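1. Here's my sequence, what's the structure:
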Amino acid sequence: IPSHLSATIFAREILEGCIIIGQYRTVIQKSPDFQDPEKQRIALRTVTMSALWASLAAVILAASVTVGLYFAGKDFNNYWAEIIEGVSKVIAAICVLQLSGKVPKWLGLYAHKKENKDGVVEGLDTKSIKFNVAWNLWREVAECGVFLIPFMLGDSARSIPVSAAIGTVVGLAGGYGTYWATKNMDDPKNIAYFLVNLTGWLSVGLFMGGCHEFEEVWGMTPYIWKIGGAFWSHKHFPMVMFKPFGYTHKRTVLQFCTFWIWVITAFGYHYYKYQQSEKIKAERAAEDTGKNVSVEGAPEQFVEDLSEA
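-> Have a look, this model is predicted:
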């Protein structure tokens, strides 16, 4: 396996994982629901532990499969690897798109849904944190393992550790830079706008990439364009850092269609969430107006009833 390929794989997957972790940490730190220090500490710890346990589980799984195949003397079937990766990316695209729609609500810009009969309001809680962080981190780390299993079984395994370390450092640097930028924003609107765009484009990249995995297994559609030059390649630095958001230096018909289908889906989803929020706000405003009118009229009615008495 070429060293640059191993490095780019790790850089891309680590970057995606860091973005997910950073976004949850930023939302927890900025959300009105987590201003209590103890509640915030528990939520941040949930993010950290979910990421660690999910990553450890993915490493153990990849190592177990590699060792089993090594002693069995069998090659890893790339067909099923591509299918599994495609399915995981499409599921992740849906989860990340839902995350982008919830960020404005968690930051207090979108109205919450009405409380149910038990007084519970839908929002960010430890259960949703555990699932989303664990699922996404497990997927990212597992993808690294799936990519590398065929090469670890061959003669090129020696070049993996150094190139993987380089890619990990690059991915962590990019992820921390994104987290630092959002953490130091003061205006909730700016934070929400930045995170919504980041998660939205990440969702687009995941969906298009997942569909492309199926394409590589079942047959490629014609290419619409190809940009020449190593600099523009989505497999090399620096443009590989934009691949998670849907960038490719060559695009097939399927990639082109799935890219725009998911962009339109994302905009439609956010428009729906915005309209729902405005509807809730309007209903609450009407309720508050009715309460104010009844309260203001109460003293006059009391005086009239007292006079009649």
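2. Show me the helices in the protein, by range?
-> Ranges of helices within the chain are 3-30, 37-72, 78-106, 126-152, 160-183, 188-218, 253-308, based on DSSP state H.
3. tell me the angle the second one makes with helix 126-152.
-> Read it as helix 37-72. With axes from the mean of the first three to the mean of the last three Cα atoms, to 10 degrees as the basis, helix 37-72 and helix 126-152 are set at 30 degrees to each other.
4. Include distance to Met241 and mean pLDDT when you put the helices of the chain into CSV, please.
-> C-betas here are computed from N, CA, C, even on glycine. Formatted as CSV, the entries for the helices of the chain read as follows, by distance: least, Cβ to Cβ, whole Å; pLDDT from 0 to 100:
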stretch, distance to Met241, mean pLDDT
helix 3-30, 6, 73
helix 37-72, 20, 83
helix 78-106, 17, 77
helix 126-152, 15, 76
helix 160-183, 6, 71
helix 188-218, 11, 86
helix 253-308, 18, 77
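5. Nearest to Phe245, out of these?
-> With Cβ to Cβ as the measure, helix 188-218 is the member of these nearest Phe245 (4.1 Å).
6. so how far is the closest one from its chain's centroid?
-> Taking Cα atoms, centre = their mean, to the nearest Å, one finds the center of helix 188-218 at 8 Å from the center of the full chain.
7. That one - contacts with which helices or strands?
-> Counting by 3 or more Cβ pairs under 8 Å, 6 or more residues apart in numbering; DSSP states H and E, the packing neighbours recorded for helix 188-218 are helix 3-30, helix 78-106, helix 160-183, helix 253-308.
8. so which of the ones you listed gets nearest Met208?
-> Set against Met208 and scored by Cβ to Cβ, those come closest in helix 253-308, at 4.8 Å.
9. on that earlier part again, out of the helices of the chain, nearest to Tyr247?
-> Distances from Tyr247 to each of the helices of the chain were compared using Cβ to Cβ; the shortest belongs to helix 188-218, at 7.5 Å.
10. hang on, the earlier thing: and the helices and strands packed on helix 188-218, which is most packed in?
-> A comparison of the helices and strands packed on helix 188-218 by mean neighbour count, using mean count of other Cβ atoms under 10 Å, puts helix 3-30 on top with a mean of 23.
11. where's the spatially most central residue of the chain relative to Ala192, distance?
-> The C-alpha lying nearest the average C-alpha coordinate of the chain belongs to Val96 (Cα atoms, centre = their mean; 3.7 Å). When Cβ to Cβ, to the nearest Å is applied, the distance between Val96 and Ala192 equals 16 Å.
12. likewise Gly86?
-> Counting by Cβ to Cβ, the separation of Gly86 from Ala192 is 31 Å.
13. What of Leu99?
-> When distance is defined by Cβ to Cβ, Leu99 is 12 Å away from Ala192.
14. what's the answer for Thr66, then?
-> As it turns out, when the distance is counted by Cβ to Cβ, Thr66 lies 42 Å from Ala192.
15. So for those two, which sits in the more crowded spot?
-> Taking other Cβ atoms under 10 Å, Thr66 and Ala192 do not tie; Ala192 has more neighbours (23 against 18).
16. Verify the stated contact: the more buried one with Leu109.
-> Yes. The criterion here is Cβ atoms under 8 Å, and Ala192 meets it with Leu109 at 5.3 Å.
17. If I look at Met220, what pLDDT would I see?
-> For Met220, the pLDDT comes out at 92.
18. Just list whatever residues bridge to the closest residue to it other than its chain neighbours.
-> Once flanking residues are discounted, Met220 sits nearest to Thr252: 6.1 Å by Cβ to Cβ, 6 or more residues apart in numbering. With DSSP bridges applied, Thr252 shows beta-bridge pairing to Tyr223.
19. From Gly209, how far out is Thr252?
-> As for Thr252, its distance to Gly209 is 12 Å (criterion: Cβ to Cβ).
20. Looking at the two, which has the bigger crowd around it?
-> It is Gly209, of Thr252 and Gly209, that has more neighbours when counted by other Cβ under 10 Å, with 22 against 19.
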